[in-house]
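Q: Pasted the sequence and its predicted model underneath.
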Amino acid sequence: MNILITSAGKRVSLVKEFQAEARKRNQSNLIYTCDLKPELSPACYLSDKSFTVPPASSTGYVAKLLQICEENSINIVVPTIDPELLVLSENKQRFEQIGVAVIISDPEFIVQCRDKRLTHKYFDSIGIKRASDMDINNPSFPFFVKPSNGSSSIGAFKVSNTEDLKDIDFEDTKNMYLEYLDPKEHAEYTIDLYFNKGSELICCVPRKRIEVRAGEVNKGMTTKNILIPYVMERLKKVPGVYGCINFQVFVNHSTNDIYGVEINPRFGGGYPLSFLAGANFPGWIIDEYADSSQIDYFDGWESNLLMLRYDDEVIVHDYSEQKQVAP
């Protein structure tokens, strides 16, 4: 039983977690990775073997992954970045035909998550508050601008006054203009959710985002709070949703009002905290998709577990720009 983690990049912790869980079940199980430039990916050096692939937008991307899977007896593919989610979801059956399970939700849900305007409509339909839309012709300051297809907070910024308006590209139809939710008045959480093969929500781990760097949590803490019953009531079963989903919300300090921000249908960068707390998504993926085990509701993870991240290094000796991690 071998697993391929795509677009591995800096996902060292995720690779190690899958390695640990795979080895528990059989020492011969391997964790492979791929990336655009695996020779510059720390996670690729630490996996059992890595492969070079074209960009996810390339017409040859899926064909290359299928080739890697067939040649290396891969059973499970785990996507990690937004640009590859839709193409892998749309081609899921091609992988299934060669006995490979891609841990990805259905295309309709992916599209809904990738387009933040559609995400807001989804929130409205299931009774989740979100930042209200701003009339850009009659704005109330401050307000917030973010691209509807954005990721990692790229292109998102606060507009405090009329002077800031000159920085906005009003011709860019992707821009969304929204009510500003002041971080001083709200706590920010990412909630790691696991949906089993029946699209049932069987684990919900809120992580408070204490400090964020480049859109990814740098300091965080697990906490059992009002978000668990709130999410379980609204997302108990979502047809077409599978595996790890991360859901970002703001919670008002004074009123406890909860505002949905976005949903990412993949492993988030801060998931290792949930894993260390006991929410074993990699193990459940292996048990469900390799061993056909039933995964039931789990809330036995550790609350108030604090994660403080720091930078570490992967050192490569005798490196040249022509050198590849694997042939």
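A: Sure, I can see it. Numbers count the residues shown, from 1 in each chain.

Q: I'd say residue 6 and residue 64 touch.
A: No - in this structure residue 6 lies outside contact range of residue 64 using CB atoms under 8 Å: 10.4 Å. Every residue, glycine included, has its C-beta placed from N, CA and C.

Q: which residues are in contact with both of those two?
A: The contact sets of residue 6 and residue 64 overlap at residue 53 (CB atoms under 8 Å, 6 or more residues apart in numbering).

Q: List the residues that contact residue 210.
A: The contact partners of residue 210, by CB under 8 Å, 6+ apart, come to 217, 219-221.

Q: Give me the secondary structure label for it.
A: With DSSP: H, G, I helix; E, B strand; the rest coil as the basis, residue 210 sits in strand.

Q: State the distance from it to residue 309.
A: According to CB to CB, to the nearest Å, residue 210 and residue 309 sit 11 Å apart.

Q: Just give the nearest non-adjacent residue to residue 7, would you?
A: Distances taken as CB to CB, 6 or more residues apart in numbering place residue 81 nearest to residue 7, at 4.3 Å, with adjacent residues excluded.

Q: Over to residue 252?
A: residue 186 (5.4 Å).

Q: burial measure for the one you found, as a count.
A: Look at residue 186: counted by other CB atoms under 10 Å, it has 19 neighbours.

Q: Check whether it really touches residue 254, as I assumed.
A: No - the pair residue 186 / residue 254 is not scored as a contact, 9.6 Å apart, by CB under 8 Å.

Q: Give the rounded mean pLDDT of the helix or strand harbouring residue 67.
A: In the assignment (DSSP states H and E), residue 67 maps to helix 61-71. In this model, helix 61-71 carries a mean pLDDT of 98.

Q: now stretch 240-251
A: The model assigns stretch 240-251 a mean pLDDT of 98.

Q: how near is the residue nearest to residue 252 to residue 263?
A: According to CB to CB, residue 186 stands 18 Å off from residue 263.

Q: Could you do residue 279 as well?
A: 18 Å.

Q: Which positions within stretch 119-131 qualify as buried?
A: 119-120, 122-123, 128, 130-131 (16 or more other CB atoms under 10 Å).

Q: and those residues as a markdown table, adding secondary structure and distance to residue 305?
A: What follows is the buried residues of stretch 119-131, written out as a markdown table (DSSP: H, G, I helix; E, B strand; the rest coil; distance: CB to CB, whole Å):
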| residue | secondary structure | distance to residue 305 |
| --- | --- | --- |
| 119 | helix | 28 |
| 120 | helix | 31 |
| 122 | helix | 30 |
| 123 | helix | 28 |
| 128 | coil | 26 |
| 130 | strand | 28 |
| 131 | coil | 29 |
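
Q: need the helices for the protein, in chain order.
A: Assignment of helices within the chain using DSSP state H yields the ranges 12-25, 42-46, 61-71, 82-90, 92-96, 107-114, 116-125, 227-235, 271-277, 281-289.

Q: possible to save these as JSON lines with distance to residue 1?
A: Listed next are these as JSON lines, based on distance: least, CB to CB, whole Å:
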{"stretch": "helix 12-25", "distance to residue 1": "7"}
{"stretch": "helix 42-46", "distance to residue 1": "19"}
{"stretch": "helix 61-71", "distance to residue 1": "13"}
{"stretch": "helix 82-90", "distance to residue 1": "20"}
{"stretch": "helix 92-96", "distance to residue 1": "15"}
{"stretch": "helix 107-114", "distance to residue 1": "26"}
{"stretch": "helix 116-125", "distance to residue 1": "34"}
{"stretch": "helix 227-235", "distance to residue 1": "30"}
{"stretch": "helix 271-277", "distance to residue 1": "19"}
{"stretch": "helix 281-289", "distance to residue 1": "7"}
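
Q: Number of residues surrounding residue 111?
A: 14.

Q: do the same with residue 14
A: Counted with other CB under 10 Å, the neighbours of residue 14 add up to 25.

Q: What of residue 314?
A: Applying other CB under 10 Å, we find 12 residues neighbouring residue 314.

Q: That one contacts residue 47, correct?
A: No - look at residue 314 against residue 47 with CB under 8 Å: they stay out of range, at 11.5 Å.
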